Every structure is written in C-alpha cells, then in structure tokens.
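Enquirer: please work out how this folds:
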Amino acid sequence: MNLRINSEFGTLKAVLMHRPGKEIDRLTPYNKDFLLFEDVPYLEALQREHDTFSSLIKDSTGAHVYQLRELLIRVLYDGEILLRLMRESLRRSGLTHIAEDILERYSTAECAGILTAGLKIHELKQKLPKLNAGELYDFAFAIPPCPNLYFQRDPMALTPGGIIFSSMKMEGRQREADLLRTIFENHPDFKSNVTTIYPIEGHDTPPSIEGGDVIILSHEAVAIGNSERTDEKAIYHAAKALLAEGSVKRVYEVHLPKKRQFMHLDTVFTVLDENLVLTYPDAMNSVLQTSLYTLKEANGDKVSIKREVLKESLLTVLSREIPHLEILSTGDGNADYALREQWFDGANVFAIGPRRVISYNRNIHTNRALRNMGVEVLEIPSSELSRGLGGPRCMTMPLSRSRI
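Expert: Numbers count the residues shown, from 1 in each chain. Below you'll find the predicted structure:
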C-alpha cells in the first residue's frame, strides 16, 4: 500500500475506521466537556449505526475496512511498544511506575482496550489490591478514555506527498495521534511505506495540526485550514515538507473563524468530483484570508518557500484549482435548513468514488440537492453517530484510492 492519496474522490480501495467501544460508556453529563464530547450517546445504538456505515462501505465499493483495534493489538505484541504507550498514557495521573505491573496482569488485547477506553483506579485495584494511588479517588481515571477515537480523520492525513501525523490541539486527544503514528510506523502492512511529512524531525512539541483541516484539491495542490485546531506554524512546516518532497506544487492556508461550527476545514467544504464541491455557504463567506505557499528554492537540505497572501476569495482559489467548478450548498440553498444540517455536518460527506457519497440520512435537504446534481447518495442512520458533531468524512481515514 502506497500510503499516498492524490484526490478526495478517487474510488475507495482501503479505509481505516474505529468501531466505538467502552470509551463511549465512560462519558457522563459531568465529564463530557472535559473529554471534548458534545453529548452522551447510547453505545449499543451507536455501534449498530457504525456497523451499518462500515458494511455499506464494503458492500458498495469492495474496499478493505481496517479496524483500529485489530491493528493496535498486532502492534502491541511488541512488548517495548506496549510498555512505552502504557507509560505515556499513565503520565497524566502520575502512575507511570506501575506500567510494568499492568502489563503483567492484563493480556495484550486487554491492554489495547485500556489504551483506548481508559482505566479507573477502582478497576486497577482489582488487579493491584495494594496500589497506592496517592490523592486519586477510586473513580478517577488512571488512564483517561478516548471517546473521540471513532473520528479517525483527525489523528492523521494522507497527502500526495506522504503522511501528516497530527499534533492534536487538545491534550485529551493527543494520545489518539500517538496510537495512529505507532501503528503506521510499526505494523508490517504499513511501516515500509511511511513517508512522514509532519511532524518535522527534532520537534518534541510540534505546533498543532489536525487531519480534518487537510483537503486535497488536486494531485498538485493541498488546502490546510488555519482553524481552532490547526496553527499557522504547523501549516508552514507541513507546507515546506510537502513542497520539498516534490509531489505537491501549491499549499493553501485557509484562515477560518475560531468557532466551534468551523472547527476544521472539512466542515466548510468537501470535494466530491473533479469539478464538484459541497459547501456550507455561511462558512465560505466567513473565510477571512487565504495564503499560498510555493517552493522558492530546493538545494539538498536547504529548502526555502514563499508565502503570498491572496487578495481573493476561497471560491476564486477553488475555481482556479478545480476547472469548471460547480458549487453545491448544504440545505439545498435554504438558510434555515443549511443551519440545521450544518449542525449535523451536512457538508462533511464521505466520497467513496466520483460523485458517490455517504451522508447522514437526517440531512434530507442537502441529500436531495446532491441527487439533483447527479450525485449518488448512500445514507446511513445518524441518531447517535451525529451526537459527537462529526460527519461521515470525520469517521473515515482513506488509506488507498484509485489514482485520478
């Protein structure tokens, strides 16, 4: 597997997903904000909806659906990797010294569950009765859960030049990125094909960047959102590495308002075909600035790039990169419907092929508009999946597509 993708809509061949698990049941009305979640979903129904989603991908495309849990268990058979991840996960609670004790008392599969679903002090005491947890109460987390893990788009991004491993903005999600990077750098199916674009070597605390802000405009151009979760410095370093690698000729930095509903660039627009883009009009109109990075000089290890602030709208940029561009708005042009359906990620559909998308069934007006444009829309149930405020694109990390 090449682990490079040159379009957002080439026919899907392989994708990474994570079936929600016990980490969702860790959510309560009192900790959901701390755990960066919007609501408290019903896990069994959430799993049924997610299973429908993954089955639809397999049945409609024949693509291979990799499950994060299975990949993680395979990597954790390496004891050194498991010990490192366990120590890092225990750091926040100050219990790194018991990592080896945990490994002695839990199986590899159980450890994988702990790394994703977390571990409470009272659960740990069942295996370690003499545990001294200091000032931590029994119902405190020794390892916090990762309830956002089913949004696989955020911890990394594949580009025409290689992989951007995210440096997550919120501390509560950084372990997600660590898990993904560990898998891809060590799993036998992937490790020989990893070209790391970001983070840059030697940066212990790199500026934040998240996969939902990375959108491929063409095989030569990538857009990265300067958003609530992605910093300008990270975009600069990622652009420099992409341009130096040579596959990408242009990197656009798109400044978004620092608002929850514009959290990532893929809440603003998604590319559905070589000339069709789905947008949330209010967000498109709120874009404050777009900048262009291009290669200035590349001489061995010496690479310099230039940044040009463009005095033109994002739509103008898209029109230049996407010839004969057609724009379709969420809500079928109705402002009220667009607002409602944007709350449930109407613009965040998942393209499984040219003009073939998977969308939430609740976004009826957007789906109707898509069909009127000749797009095949496959719908999935969304009563519980949508409670995390992420759409079908957010839940999927394409690993292989047909080249355009």
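Enquirer: kindly list the main-chain dihedrals of the residue nearest to Met263 when sequence neighbours are not counted?
Expert: Once flanking residues are discounted, Met263 sits nearest to Glu228: 5.3 Å by Cβ to Cβ, 6 or more residues apart in numbering. Every residue, glycine included, has its C-beta placed from N, CA and C. Torsion angles at Glu228 (phi, psi; degrees, to the nearest 10) stand at phi -60, psi -30.
Enquirer: right, and Glu228 touches Lys258 too?
Expert: Yes. Contact criterion Cβ atoms under 8 Å: Glu228 and Lys258 qualify, at 4.9 Å.
Enquirer: what about these two, which has more around it?
Expert: Neighbour count, other Cβ atoms under 10 Å: between Glu228 and Lys258, Glu228 has more, with 19 against 11.
Enquirer: before we move on, back to that, could I get the pLDDT score of the residue nearest to Met263?
Expert: Per-residue confidence at Glu228 stands at 88 (pLDDT).
Enquirer: distance-wise, check it relative to Leu27.
Expert: Here the distance between Glu228 and Leu27 works out to 21 Å (Cβ to Cβ, to the nearest Å).
Enquirer: check Glu253 too.
Expert: In this structure, Glu253 and Leu27 are separated by 34 Å, where distance is defined by Cβ to Cβ.
Enquirer: ok, now Leu314?
Expert: Leu314 is 35 Å from Leu27, by Cβ to Cβ.
Enquirer: more neighbours, these two?
Expert: When neighbours are counted by other Cβ under 10 Å, Leu314 and Leu27 differ, and Leu314 comes out ahead with 25 against 21.
Enquirer: test my guess that the more buried one contacts Thr290.
Expert: Yes. Taking contact to mean Cβ under 8 Å, the distance of 5.5 Å between Leu314 and Thr290 places them in contact.
Enquirer: joint contacts of the two?
Expert: Applying Cβ atoms under 8 Å, 6 or more residues apart in numbering, one finds that Leu314 and Thr290 are jointly contacted by Val254.
Enquirer: helix or strand: which one has Phe271?
Expert: Not quite, residue 271 is Val, not Phe. Secondary-structure element containing Val271, defined by DSSP states H and E: strand 269-273.
Enquirer: list the buried ones in the strand ranked longest in the chain?
Expert: In the chain, ranked by residue count with DSSP state E as the criterion, the top strand is strand 289-299. Buried residues in strand 289-299, counted by 16 or more other Cβ atoms under 10 Å: Thr290, Ser291, Leu292, Tyr293, Leu295.
Enquirer: for the lowest-mean-pLDDT helix or strand in the chain, buried residues please.
Expert: When the helices and strands of the chain are compared on mean pLDDT, DSSP states H and E, helix 281-286 comes out lowest with a mean of 72. Residues of helix 281-286 classed as buried under the neighbour-count rule (16+ other Cβ under 10 Å) are Pro281, Asp282, Ala283, Met284, Ser286.
Enquirer: the first one and Val349, how far apart?
Expert: Taking Cβ to Cβ as the measure, Pro281 falls 16 Å from Val349.
Enquirer: the second one too?
Expert: According to Cβ to Cβ, Asp282 stands 17 Å off from Val349.
Enquirer: same deal with Asp51?
Expert: When Asp51 is compared with Val349 (using Cβ to Cβ), they lie 19 Å apart.
Enquirer: neighbour-wise, which of the two wins?
Expert: Set Asp51 next to Val349 and count neighbours by other Cβ under 10 Å: Val349 wins out with 26 against 12.
Enquirer: I figured that one hits Arg356, correct?
Expert: No. In this structure, Val349 sits apart from Arg356 without contact. The criterion is Cβ under 8 Å, and the distance is 10.0 Å.
Enquirer: was I right to think Arg368 contacts Thr330?
Expert: No. Taking contact to mean Cβ under 8 Å, the distance of 11.1 Å between Arg368 and Thr330 leaves them out of contact.
Enquirer: more crowded one of those two?
Expert: Counting neighbours by other Cβ under 10 Å for Arg368 and for Thr330 shows that Thr330 has the greater number, 30 against 14.
Enquirer: what's near enough to touch the spatially closest residue to the more buried one that is not a sequence neighbour?
Expert: In space, and not counting its chain neighbours, Thr330 is closest to Gly346: 3.9 Å by Cβ to Cβ, 6+ apart. Neighbouring residues of Gly346 by Cβ under 8 Å, 6+ apart: Tyr280, Thr330, Gly331, Ala338, Ser359, Tyr360, Asn363, Thr366, Gly391.
Enquirer: so what's the fifth one closest to, chain neighbours aside?
Expert: What that stands for is Ser359. The shortest distance from Ser359 to any residue other than its chain neighbours is 4.5 Å, reached at Val349 (Cβ to Cβ, 6+ apart).
Enquirer: and the gap between that neighbour and Met17?
Expert: 16 Å.
Enquirer: how about Ile81?
Expert: Look at Ile81 and Met17: by Cβ to Cβ, they are 22 Å apart.
Enquirer: then Pro41?
Expert: Pro41 sits 17 Å away from Met17 when distances are taken as Cβ to Cβ.
Enquirer: more neighbours: which of the two?
Expert: Counted by other Cβ under 10 Å, Pro41 and Met17 do not tie: Pro41 has more neighbours, with 24 against 18.
Enquirer: can you pull the pLDDT of the more buried one?
Expert: In this prediction Pro41 is given a pLDDT of 93.
Enquirer: counting neighbours, what do you get for Gly374?
Expert: Neighbour count for Gly374, taken as other Cβ under 10 Å: 10.
Enquirer: and the residue nearest to it when sequence neighbours are not counted, what is it in contact with?
Expert: Once its chain neighbours are removed from consideration, Gly374 has its nearest residue in Arg355; the separation is 6.1 Å (Cβ to Cβ, 6+ apart). Shown in contact with Arg355 (Cβ under 8 Å, 6+ apart): Phe9, Leu272, Asp273, Leu276, Met373, Gly374, Val375, Glu376.
Enquirer: who are the contact partners of the third one?
Expert: Read it as Asp273. Asp273 makes contact with Phe9, Ala351, Pro354, Arg355, Val375 under the criterion Cβ under 8 Å, 6+ apart.
Enquirer: so which residues make contact with the longest helix along the chain?
Expert: The helix of greatest length in the chain, counted in residues with DSSP state H as the criterion, is given as helix 43-61. Residues external to helix 43-61 that are found in contact with it (Cβ under 8 Å, 6+ apart): 11-13, 15, 17, 19-22, 24-25, 63-65, 150, 352-353, 356, 358, 378, 380-385, 387, 392, 395-396.
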